[in-house]
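**Student:** how would this look folded up:
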Amino acid sequence: MSPSASRLARAPLVHPLAVRVTHWINALAVLVMVLSGWRIYNASPIFAFKFPAALTLGGWLGGALQWHFAAMWLLVGNGIVYLLYGVFSGHYRDDFLPVRLAALRRELGNALHGRLSHRLGVYNPVQRLAYLGVIALIALVVLSGLAIWKPVQFQALAALMGGFAGARVVHFAAMAALVLFVVGHVAMVLLVPSTFLPMLTGRAGKAEREEV
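**Tutor:** Just a heads-up that it's a prediction; the model follows:
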């Protein structure tokens with residue numbers, strides 16, 4: 001084993017393998033769903049605009065639907081694995097809960113002054129709320145997508161969203177919120193680049209710990 005590999009093996013584990021694998025599968029599935037979803041949207045727009053064709057996936061409506069459904073099953077399967085792991089491993093309990101209102105207000109105040117706290121492997125209150133929120137968003141994307149895909153079979157679900165047309169609006173809004181989360185997430189990684197490598201290796205070396 002090389003000296004660098006030996007040092008990495010001794011570095012503290014900040015992201016377990018299950019978290020890393022499901023994170024990157026999620027990233028791929030969401031990317032494919034968003035780009036193919038924009039192509040599907042362009043075929044029957046809800047609002048008075050369309051997405052640039054260069055930013056869509058599928059080439060035509062049928063191709064986009066195939067990409068979209070393939071990514072949907074990947075997202076659902078991966079999500080189930082992540083949810084089971086999060087519950088039974090204690091990942092949610094230890095890393096995401098509790099989200100205390102006083103701590104959240106304090107951290108939001110720090111963020112407004114450019115002092116958002118960050119320690120590798122430890123989620124601050126803003127991050128906890130954001131990650132819990134994105135789990136809820138993905139669930140809403142899937143449920144609204146089912147209401148659009150099978151409005152008769154899932155008519156009770158569609159009714160909760162205002163019918164087929166309402167489900168389309170909910171699906172679009174959830175997708176837009178998810179894209180905003182991804183943009184913010186990538187921006188945070190660019191601002192604190194030391195968080196990227198541990199999501200690949202799982203471990204934080206001395207350089208990453210000192211940078212944070």
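
**Student:** what's the closest non-adjacent residue to the residue nearest the centre of the chain?
**Tutor:** Most central in the chain under Cα atoms, centre = their mean is Val134, positioned 5.5 Å from the mean C-alpha point. With Cβ to Cβ, 6 or more residues apart in numbering as the criterion, Val134 has its nearest non-adjacent residue at 5.1 Å, and that residue is Phe181. (C-beta placed from N, C-alpha, C; glycine too.)

**Student:** repeat for Phe172
**Tutor:** Ile46 (5.9 Å).

**Student:** burial count for Val32?
**Tutor:** 19 (other Cβ atoms under 10 Å).

**Student:** I figured it was touching Trp73, is that so?
**Tutor:** No: counting by Cβ atoms under 8 Å, Val32 sits too far from Trp73 to count as a contact (11.1 Å).

**Student:** if I look at these two, which residues touch both of them?
**Tutor:** Residues touching both Val32 and Trp73 by Cβ atoms under 8 Å, 6 or more residues apart in numbering: none at all.

**Student:** rewinding a little: and the residue nearest to Phe172, how many neighbours?
**Tutor:** 12.

**Student:** repeat for the one 5 residues further on
**Tutor:** Applying other Cβ under 10 Å, we find 15 other residues in the vicinity of Phe51.

**Student:** That one: what's it in contact with?
**Tutor:** 38-39, 41-42.

**Student:** How about Gln66?
**Tutor:** Gly58.

**Student:** Per-residue pLDDT of it, please?
**Tutor:** You'll see Gln66 listed with a pLDDT of 96.

**Student:** Okay, now the unreliable bits of the protein?
**Tutor:** Across the chain, the ranges flagged by pLDDT under 70 are 1-11, 110-122, 205-212.

**Student:** outside of stretch 91-111, which residues touch it?
**Tutor:** So stretch 91-111 is in contact with 16, 19, 85-86, 116-117, 123-126, 128-129, 131-132, going by Cβ under 8 Å, 6+ apart.

**Student:** Give me the phi and psi for the residue nearest to Leu17 when sequence neighbours are not counted.
**Tutor:** Nearest residue to Leu17 in three dimensions, chain neighbours excluded: Gly202, at 6.3 Å (Cβ to Cβ, 6+ apart). Main-chain torsions, Gly202, degrees, to the nearest 10: phi 90, psi -20.
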